[in-house]
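> can't give you the sequence, but here's the structure:
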């Protein structure tokens, strides 16, 4: 089945539109509906030309603290010769619309819908939209946590269509995950996967775990359990979950439900002195 990827195009709602919306920000999760991604909430970045972005998540004390996620929109001829200004940052790019060309350590790669790129920290790269339409892609960034004795991970440039999804046991393939990184590769401290649920499939228990999540709905619709609430979501919506937020899902159809999923993995929990503690 050919994949479809929802991408925002901006604009501005008319004065006749009702204010009522599904946007939510709670202590445990946030829901940013696709209708929120209008022209007036875009941002810009240094050293990027003819480019704007929607910031979906950012490190925020007391909430999700490990990552940021953008939807980038690069106009024809736009791009950057100095895209990343933080040497600690690793990144994932996932293209949802249009085409571009990325050069990584001097090697060029053509990108289109479904392209996945992993960029280790301190990687030299540039990106340019050489097409005649806007290119839109997710850019997920995290400060890489190095471990003594483990080398940095390698650059990855692949296409989703070339990776076979891994079905969840006991689901007849109705719930599957497309993994771009080997889960057993301890060099990686974050995973960005695609989760697919066929109509009627469920995540049948309230997952409660230490990983933070960013979930962008690529296709379809579903009802998603977030903490104590059931929330309707559809293609173009974004969910941002702090650690230990209970979550579950029912894919109501009529089409399959797919989302791009970020999570932090494979590292010890950082230990900090307890405020007010004294030596015994």
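Looks like it came in fine. The model shown is predicted, which means the values in this text are computed figures rather than measured ones.

> CA only for contacts and neighbour counts going forward, please
Will do.

> Parallel or antiparallel, which strands does the longest strand seen in the chain pair with?
Counting residues, the longest strand found in the chain (DSSP state E) is strand 67-80. For strand 67-80, the paired strands and their directions (DSSP bridges) read strand 48-57 (antiparallel), strand 125-128 (antiparallel), strand 135-143 (antiparallel).

> Most tightly packed of those strands?
Burial of the strands paired with strand 67-80 is given as mean neighbour count (mean count of other CA atoms under 10 Å); strand 135-143 ranks first at a mean of 23.

> circling back to that earlier point, dump the strands paired with strand 67-80 to TSV, plus mean pLDDT.
Formatted as TSV, those follow (pLDDT from 0 to 100):
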stretch	mean pLDDT
strand 48-57	98
strand 125-128	98
strand 135-143	98
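
> could you dump those strands to TSV with distance to residue 152?
Listed next are those as TSV, based on distance: least, CA to CA, whole Å:
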stretch	distance to residue 152
strand 48-57	25
strand 125-128	16
strand 135-143	13
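
> These: which one's closest to residue 88?
Among the strands paired with strand 67-80, strand 135-143 comes nearest to residue 88, with 5.2 Å by CA to CA.

> helix or strand right after the closest one?
Scanning forward in sequence from strand 135-143 by DSSP states H and E, the next helix or strand is strand 156-159.

> which strands and helices sit next to that next one?
strand 115-119 (3 or more CA pairs under 8 Å, 6 or more residues apart in numbering; DSSP states H and E).

> from memory residue 262 sits against residue 213, does it?
Yes - counting by CA atoms under 8 Å, residue 262 does reach residue 213; the two are 5.3 Å apart.

> The stretch 101-250 of the chain: strands as residue ranges?
With DSSP state E, counting those that start in this stretch, the ranges of strands along the stretch 101-250 of the chain come out as 107-111, 115-119, 125-128, 135-143, 156-159, 166-167, 175-178, 190-197, 202-207, 213-219, 221-226, 229-234, 238-241, 247-250.

> closest one to residue 60 among those?
Judging those by CA to CA, what sits closest to residue 60 is strand 238-241, at 11.4 Å.

> Thought residue 116 was touching residue 158, still the case?
Yes - judged on CA under 8 Å, residue 158 makes contact with residue 116 at a distance of 5.4 Å.

> Looking at those two, which has the bigger crowd around it?
The neighbour comparison of residue 158 against residue 116 (other CA atoms under 10 Å) goes to residue 116, with 22 against 16.

> Show the model's pLDDT score for that one.
pLDDT for residue 116: 98.

> helix, strand or coil for the residue nearest to it when sequence neighbours are not counted?
Once flanking residues are discounted, residue 116 sits nearest to residue 94: 4.7 Å by CA to CA, 6 or more residues apart in numbering. Put simply, residue 94 is strand when judged by DSSP: H, G, I helix; E, B strand; the rest coil.

> Sweet, I'm off.
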